[in-house]
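> can't give you the sequence, but here's the structure:
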Ligand code: 26V
């Protein structure tokens, strides 16, 4: 937008006085922040209304991205950047004696997601709006997001996240757009003059109240909407009679049970537990979202049969897969369509992305729970299942194993992935290798049945948040050197390659990285009172803590290095700081035990004078989007070391690459594609391939003892886990030891250990050649544009959603 400094100052001072009746000198920092936020909200509002009106007027096909999680991160700086007024605002505030960066730090970071899946949804929202696509988000307004992590004596403690403690600046409540969601009760199908109709009795009705957040595009034109629903007790349900009799407890219990639905985000993204509240959350937002979409559609006055020409709905993993049943219900029961027409519309409207192949994360609801909670939806799913079995048995005659593998209801469970696949016209994986595994192994039978539905859409990240916002100096350099065409097309980052031999550019890269590292040094000193060396290699593994991500492999190498340095303090290595950031699901004992190990190892190493500061270990508490924005720009080595075949894509890998780190990786997920882009000389690859992993798993031929018996270094490390080296309590690391000795090292940590140590040595050698290293960084940055979520979204738009960019005024 066009805004002069003086205009901004005038607007700002006015906003501050009108809202808080204070001048800039009297106002508290909090009020200064709030006034700025409110002003920016004003700037956005007009375009927001215009965008919506335009979409309706032009009857644009609109996409709704249904996701249980949106991990947005702070929004104020993104808004300023996308409005293109950040510099003006910064200067204007400075004139008024206010520091913008201090205000930015006051914004709460809404943590409405667990990890990669939720962050991807947020990146996609940004790209949709920035490219001018009509695409919105739909989810839950959790009162409490992902827990805040505290580390106490090396153990993770979970504290309640309370991001709504102060008003959230960016949401607008829309009570008039409330819809009702129905749970439980009994449904009977009765014959009426209008055909068969469901008659409900004894159900619970809940209000789904929308809160809208504007998603502002960098094109300074599009403002899409993220609509999050909050669960409330309908006013009619408040039993005045009961209240008059003084029966407050009943009322309070009821209110509590209803509001529970949007109280808190489930913090476990690693194991499915079949909890009733979770099922209610899923149906709650899906039903609310679909009802809202249908209401909007009615305003277009188009035939319901054309629904999928105007609406596309995307299912982010299986969490919203119940949409298949709910959309059928709305079309059959509310719109009065016949089964075949309803089914045709449903399949044409829905598309599904798979984000994991881990068996323990698959959503399979107990039949009885499902029936009790959403009886009408179960009836419909049973009919979908019956028809599906009929279709498959015609095709494959009596091949029951095929039918069993694909049908929805099986063994007393409702399998949500099967439901999503059968009810969607498109099924995609999130990296090439992941999609191949889905087609050839995990979903092979479905692939044979519906080959045309399967496609790959490699994940991406928004360079606006992960470069422009998090690493502004590097962004400036890339744009300055690679040309303004990069602004709208990150694929042009490749022009940066021209500077591979330009010492000035290489030096500038070095300086920018160093400054970013200094910021981290100051942060770590201030927060943990640990001194770290900005000249050391910053080796970073930040992601959820999970067995398959193998933080344990990283720690084992650190212990190995420690042992080496103890034996030979003269050992010539480049000083290294190992950073970890990771939250463990509260009930994931192994993961929590690994966190304790990292902290115990850190404690020993950081305080051992023999080590002479050659290595340090830092655990960054409460890893989330904000910490990511600090540490990723400072990373030299990006640890992407999952057991091959297990990480669907990974997106942290792309963020580090874009910020000029060298990836140390297995050939898993999108690492494979990063490798294909930068070539063998600009990435360090090690370890089992996914085929090898899958073969070992299939043949059950892996025996960790074979490795252990032939590797004294590993034997020593494992012994040290129970001999008092890292904890006085010799039982301290029993979950880890059981993971190896009891479970047999399911993620092949021991098997890949030697290869990893070798790869780490290679990193050390490569880093010693400063110029060579900087050239690798440059190559990585230049190729990173390929992994912008703008590219991913363009492909979703073209292949799956069939939508076009909208330019107002055309
Ligand atoms: C799973 C579950 C399962 C049990 C109930 C709660 C819950 C909540 C979240 C999840 C998400 C698991 C799937 C997931 O996060 N996948 C990640 O998706 C990223 C984006 O595609 C991808 O980069 C990561 O590799 C993949 O692990």
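Cool, got the structure. Please read these numbers as outputs of a predicted model, since none were measured by experiment.

> In the stretch 151-300 of the chain, which residue sits closest to the ligand?
Across the stretch 151-300 of the chain, the shortest distance to the ligand (C-beta to the nearest ligand atom) belongs to residue 269, at 3.4 Å. In this view, the C-beta of every residue, glycine as well, is placed from N, C-alpha and C.

> ok, and the closest non-adjacent residue to that residue?
Distances taken as C-beta to C-beta, 6 or more residues apart in numbering place residue 114 nearest to residue 269, at 3.9 Å, with adjacent residues excluded.

> for that neighbour, what are its contacts?
Neighbour list for residue 114: 69, 71, 146, 265-269, 544 [criterion: C-beta atoms under 8 Å, 6 or more residues apart in numbering].

> Now do the SS call for it.
Following DSSP: H, G, I helix; E, B strand; the rest coil, the label given to residue 114 is coil.

> again with residue 82
Put simply, residue 82 is helix when judged by three-state DSSP.

> Spatially nearest residue to it (excluding sequence neighbours)?
The shortest distance from residue 82 to any non-neighbouring residue, by C-beta to C-beta, 6+ apart, is to residue 218 (4.4 Å).

> The one you found and residue 81 touch, don't they?
Yes. Counting by C-beta atoms under 8 Å, residue 218 touches residue 81, with 7.2 Å between them.

> ok, back up a step: could you give the backbone dihedrals for the residue nearest to residue 269?
phi -90, psi -40 (degrees, to the nearest 10).

> Which residues of the protein lie near the ligand?
114-117, 120, 266, 268-269, 272, 317, 355-356, 361, 430, 459, 647-651, 669 (C-beta under 6 Å from any ligand atom).

> 8 Å - rerun?
Applying C-beta under 8 Å from any ligand atom, we find that the chain lies next to the ligand at 68-69, 114-120, 266, 268-273, 278, 317, 319, 353, 355-356, 358, 361-363, 430-431, 434, 459, 544, 647-651, 669-670.

> ok, which stretches of the stretch 651-800 of the chain are helices?
652-658, 671-678, 690-699, 704-709, 712-720, 734-737, 749-768, 770-784, 789-795 (DSSP state H, counting those that start in this stretch).

> where are the low-confidence patches of the stretch 451-600 of the chain?
Within the stretch 451-600 of the chain, not a single segment meets pLDDT under 70.

> Could I get the average pLDDT for the top strand by length along the chain?
Longest strand in the chain, counting residues (DSSP state E): strand 204-216. For strand 204-216, the mean per-residue pLDDT is 98.

> Packing partners of that strand?
Helices and strands touching strand 204-216, by 3 or more C-beta pairs under 8 Å, 6 or more residues apart in numbering; DSSP states H and E, are helix 29-58, helix 76-83, helix 116-131, strand 172-173, strand 179-183, strand 223-232, helix 276-299.

> Could I get these in CSV, plus columns for mean pLDDT and mean neighbour count?
As requested, those are exported to CSV (pLDDT from 0 to 100; neighbours: other C-beta atoms under 10 Å):
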stretch, mean pLDDT, mean neighbour count
helix 29-58, 95, 17
helix 76-83, 96, 21
helix 116-131, 98, 26
strand 172-173, 98, 13
strand 179-183, 98, 18
strand 223-232, 98, 24
helix 276-299, 98, 20
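
> out of these, nearest to residue 616?
helix 116-131 (27.5 Å; C-beta to C-beta).

> From the chain's centroid, how far away is the helix or strand just after that closest one?
Using DSSP states H and E, the helix or strand that follows helix 116-131 in sequence is strand 135-140. On the basis of C-alpha atoms, centre = their mean, to the nearest Å, strand 135-140 sits 14 Å off its chain's mean C-alpha point.

> List the strands paired with strand 135-140, with their directions.
Sheet pairing here is set by DSSP bridges, and for strand 135-140 it gives strand 62-66 (parallel), strand 223-232 (parallel).

> what helix or strand does residue 156 sit in?
Using DSSP H and E, residue 156 sits within strand 155-159.

> Contacts for that strand, please.
Identification of contacts with strand 155-159 by C-beta under 8 Å, 6+ apart yields 147-151, 267, 583-584, 586, 592, 595-596, 599.

> got a winner among the residues you listed for most neighbours?
Ranked by neighbour count (other C-beta atoms under 10 Å), the contacts of strand 155-159 have residue 583 at the top, with 27 neighbours.

> I'd assumed residue 621 was in contact with that one.
No. Applying C-beta under 8 Å as the test, residue 583 and residue 621 come out as separate, 9.5 Å apart.

> list residues touching both of these two?
Both residue 583 and residue 621 are contacted by residue 149, under the criterion C-beta under 8 Å, 6+ apart.

> for residue 518, what are its contacts?
Going by C-beta under 8 Å, 6+ apart, residue 518 touches residue 534.

> In the stretch of helix or strand it belongs to, which residues are buried?
Assigned by DSSP H and E, residue 518 belongs to helix 503-528. Neighbour-count burial for helix 503-528, counted by 16 or more other C-beta atoms under 10 Å, picks out 505-506, 508-510, 512-513, 516-517, 520-521, 523-524, 528.

> quick one: it to helix 770-784, angle?
Interaxial angle of helix 503-528 relative to helix 770-784 (axes from the mean of the first three to the mean of the last three C-alpha atoms, to 10 degrees): 90 degrees.

> Beyond helix 503-528, next helix or strand please.
strand 537-542.

> circling back: if any of the residues of the chain next to the ligand are buried, put those into a PyMOL selection.
With 16+ other C-beta under 10 Å as the criterion, this PyMOL line picks the buried residues out of those:
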select buried, resi 68+69+114+115+116+117+118+119+120+266+268+269+270+272+278+317+319+353+355+356+358+362+363+430+431+434+459+544+647+648+649+650+651+669+670
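
> can you tell me which of the residues of the chain next to the ligand are in helices?
Cross-referencing the residues of the chain next to the ligand against helices under DSSP state H gives 116-120, 278, 434.

> Nearest spatial neighbour of the residue of the stretch 401-550 of the chain found nearest the ligand, chain-adjacent residues omitted?
Using C-beta to the nearest ligand atom, residue 430 is the residue of the stretch 401-550 of the chain that sits closest to the ligand, at 4.0 Å. Leaving aside its sequence neighbours, residue 430 sits nearest to residue 649 (C-beta to C-beta, 6+ apart; 4.1 Å).

> that older thread, quick one: which of the helices and strands packed on strand 204-216 is nearest residue 608?
So among those, helix 116-131 is nearest, using C-beta to C-beta, at 35.2 Å.

> Run the chain-centre distance for the closest one.
For helix 116-131 - counting by C-alpha atoms, centre = their mean - the centre lies 9 Å from the chain centre.

> cool, stretch 299-315 as well?
Chain-centre distance of stretch 299-315: 28 Å, with C-alpha atoms, centre = their mean.

> Could you report the separation of residue 534 from residue 601?
22 Å (C-beta to C-beta, to the nearest Å).
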